[in-house]
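**Q** Below are the sequence and a predicted model for it; my questions follow.
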Amino acid sequence: MSGENYLGSDRLDELARMIAEVTSELWVLKDRTLVLEHLLAERGCLDPAAVDELRPSEELVAKLRKEREALVGRVFGAVFDPDTRVKAAVAAVES
């Protein structure tokens with residue numbers, strides 16, 4: 001990597017970016033989950049046990065796998081240089 005680092009080394013900067021990315025992803029997930037749980041409970045649309053008892057279809061399993069791979073790519077991709085991260089983000093949007 002080139003340029004200035006903020007935490008004393010490129011590796012520490014990379015780790016800080018990874019932690020920030022994980023925290024961001026975690027908050028988005030937690031926020032959306034809390035909102036959905038609130039709306040579903042408020043409207044009486046879903047028995048909370050149904051989530052734990054769900055046996056996902058092949059289609060849902062494939063979607064979950066794709067989302068998991070994208071998340072892992074973003075989190076662990078945070079160690080790449082900015083140009084590589086941008087290329088990966090663009091490729092993910094185009095796929």
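**A** Happy to help now that I have it. Numbers count the residues shown, from 1 in each chain.
**Q** got the residue ranges for the helices in the chain?
**A** 10-43, 49-53, 58-77, 82-94 (DSSP state H).
**Q** could I get the ones you listed as JSON lines with mean pLDDT?
**A** Shown next, in JSON lines, are these (pLDDT from 0 to 100):
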{"stretch": "helix 10-43", "mean pLDDT": "91"}
{"stretch": "helix 49-53", "mean pLDDT": "82"}
{"stretch": "helix 58-77", "mean pLDDT": "90"}
{"stretch": "helix 82-94", "mean pLDDT": "82"}
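**Q** Make TSV out of these and add distance to residue 4 and mean neighbour count.
**A** All C-beta spots, glycine's among them, are computed from the backbone N, C-alpha and C. Shown next, in TSV, are the helices of the chain (distance: least, CB to CB, whole Å; neighbours: other CB atoms under 10 Å):
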stretch	distance to residue 4	mean neighbour count
helix 10-43	9	12
helix 49-53	46	8
helix 58-77	21	12
helix 82-94	13	11
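**Q** Kindly export stretch 11-18 (C-alpha atoms) in PDB.
**A** Coordinates of each C-alpha in stretch 11-18 appear next as PDB, following Å, rounded to 0.1, in the frame of the first residue of the first chain:
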ATOM      1  CA  ARG A  11      -1.800  -3.400   8.500                       C
ATOM      2  CA  LEU A  12      -3.400  -1.600  11.400                       C
ATOM      3  CA  ASP A  13      -5.200   0.700   9.000                       C
ATOM      4  CA  GLU A  14      -6.400  -2.400   7.100                       C
ATOM      5  CA  LEU A  15      -7.700  -4.000  10.300                       C
ATOM      6  CA  ALA A  16      -9.500  -0.800  11.300                       C
ATOM      7  CA  ARG A  17     -11.200  -0.700   7.900                       C
ATOM      8  CA  MET A  18     -12.300  -4.300   8.300                       C
END
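**Q** Appreciated, that's everything.
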